[in-house]
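*Asks:* need coordinates for the below:
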Amino acid sequence: MLSPQQDTGAVFVSYLVLGIEHILYGLDHLMFVFALLFLIPNLRRLIGAITPFTVAHSISLAAATFGWVVLPAAPVEALIALSIVFLAAELSKPPGQDQRLTERRPWIVAFGFGLLHGLGFAGTLLEVGLPNGEVPLALFSFNVGVEAGQLLFITLVIATRLSLASLAPTMMAAAGHRGGVALGTVGYLMGGTAAFWFFSRVAAL
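*Replies:* Next comes the predicted model:
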């Protein structure tokens with residue numbers, strides 16, 4: 001637990017680092033964002049999905065931190081795992097506007113699940129503790145850290161894809177085909193992992 005007595009600068013830095021670490025070590029959240037990156041390859045539409053996701057988890061994070069919304073952590077974590085199962089199932093489907101809800105209404109999917117993920121972030125923040133008299137600042141800096149970590153991950157994934165496309169364009173063209181075997185395999189692996197998390201978390205209730 002972080003010290004409840006810190007000066008303003010120390011609070012900002014401490015909770016900023018905490019937010020970054022939470023994202024980079026939060027495999028379930030990273031898997032969710034990873035699936036969005038492959039379901040929505042168009043950059044403009046991707047921004048249109050990531051932005052509502054960011055807004056939504058910022059809202060629910062603040063609401064839970066200030067005690068306006070109180071939910072047990074265990075069911076929230078189970079539902080977060082289920083959100084990954086949903087995106088994995090979407091990723092495993094052949095592409096087509098009539099089949100993938102994430103393609104047709106990306107902002108709705110991102111916003112809805114963003115509210116859920118924000119509750120998970122709040123659980124971590126409340127578990128660590130908040131500094132006396134600096135709760136708004138701690139919440140703000142933690143959220144900035146979450147966004148910084150998320151943007152870092154997105155940048156790394158996109159840079160890796162571009163690098164691989166440049167170094168091995170033929171292989172990437174075959175593997176990256178949206179209806180191809182590679183993405184379907186990724187979807188099944190993600191879905192299997194997330195389903196395991198879901199049942200494990202439900203069993204722990």
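*Asks:* for the protein, which element, helix or strand, carries the lowest mean pLDDT?
*Replies:* Within the chain, no helix or strand scores below helix 169-175, which has a mean of 51 by mean pLDDT, DSSP states H and E.
*Asks:* what's downstream of it, the next helix or strand?
*Replies:* helix 181-203 (DSSP states H and E).
*Asks:* ok, now which ones touch the spatially closest residue to residue 204 that is not a sequence neighbour?
*Replies:* Once flanking residues are discounted, residue 204 sits nearest to residue 74: 6.1 Å by Cβ to Cβ, 6 or more residues apart in numbering. (Glycine included, C-beta is placed from N, CA and C.) Applying Cβ atoms under 8 Å, 6 or more residues apart in numbering to residue 74 gives the contacts 201, 204-205.
*Asks:* may I see the buried residues of the helix or strand encompassing residue 74?
*Replies:* Assigned by DSSP H and E, residue 74 belongs to helix 73-92. Across helix 73-92, burial judged by 16 or more other Cβ atoms under 10 Å covers 73, 76-92.
*Asks:* in this protein, where is pLDDT below threshold?
*Replies:* Under the criterion pLDDT under 70, the flagged ranges of the chain are 1-6, 95-99, 164-165, 167-182.
*Asks:* please name every helix or strand in contact with the longest helix that it contains.
*Replies:* Longest helix of the chain, by residue count under DSSP state H: helix 135-167. For helix 135-167, the packing partners by 3 or more Cβ pairs under 8 Å, 6 or more residues apart in numbering; DSSP states H and E come out as helix 8-24, helix 27-39, helix 43-65, helix 106-128, helix 169-175.
*Asks:* residue 138 is nearest to which of those helices?
*Replies:* Relative to residue 138, the nearest member of those by Cβ to Cβ is helix 8-24, separated by 4.6 Å.
*Asks:* gap between the closest one and the chain center?
*Replies:* 17 Å (Cα atoms, centre = their mean, to the nearest Å).
*Asks:* how close does the residue nearest the centre of the chain sit to residue 153?
*Replies:* The chain has residue 29 as the residue nearest its centroid, 3.4 Å off, counting by Cα atoms, centre = their mean. Remark: distance between residue 29 and residue 153 (Cβ to Cβ, to the nearest Å) = 9 Å.
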